[in-house]
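Enquirer: Sequence first, predicted coordinates after that:
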Amino acid sequence: MNGVPTVGDRTTLMVMDAYDGFEILSLSDQRVAVYNLQGNVVFQQYMTAGEQMYVGTGAGIFVVRGESETIKVMVD
């Protein structure tokens with residue numbers, strides 16, 4: 001898994017490698033959404049600061065979007 005920040009400097013959102021997906025750590029209260037390359041929402045939830053969530057996606061390329069950051073993620 002590769003997390004590549006495209007907006008912001010990871011001050012509100014972090015993505016970590018996990019088996020068959022990834023984990024999202026929200027560093028602020030915010031709505032977080034995960035999109036596949038077709039633009040479909042595969043996960044969406046309001047997360048509080050310090051909350052960590054596992055997202056099981058299987059292989060693919062995904063976009064994790066918080067309120068002020070966007071991170072591209074590749075799961076292989």
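Expert: Structure received.

Enquirer: what distance separates the start and the end of stretch 67-76?
Expert: Length of stretch 67-76, first residue to last, Cα to Cα, to the nearest Å: 26 Å.

Enquirer: repeat for stretch 54-67
Expert: End-to-end for stretch 54-67, by Cα to Cα: 19 Å.

Enquirer: Sort out which residues of that stretch are buried, please.
Expert: Buried residues in stretch 54-67, counted by 16 or more other Cβ atoms under 10 Å: 55, 57, 62-66. From N, CA and C alone the C-beta is placed, and that goes for glycine too.

Enquirer: how near is the residue lying closest to residue 21 once chain neighbours are set aside to residue 12?
Expert: Leaving aside its chain neighbours, residue 21 sits nearest to residue 56 (4.1 Å; criterion: Cβ to Cβ, 6 or more residues apart in numbering). Residue 56 is 23 Å from residue 12, where distance means Cβ to Cβ, to the nearest Å.

Enquirer: hang on, the earlier thing: can you redo the buried residues of stretch 54-67 as a markdown table with pLDDT, distance to residue 33 and secondary structure?
Expert: Putting these into a markdown table (pLDDT from 0 to 100; distance: Cβ to Cβ, whole Å; DSSP: H, G, I helix; E, B strand; the rest coil) gives the following:
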| residue | pLDDT | distance to residue 33 | secondary structure |
| --- | --- | --- | --- |
| 55 | 96 | 10 | strand |
| 57 | 94 | 13 | coil |
| 62 | 96 | 10 | strand |
| 63 | 96 | 8 | strand |
| 64 | 95 | 8 | strand |
| 65 | 96 | 5 | strand |
| 66 | 94 | 8 | coil |
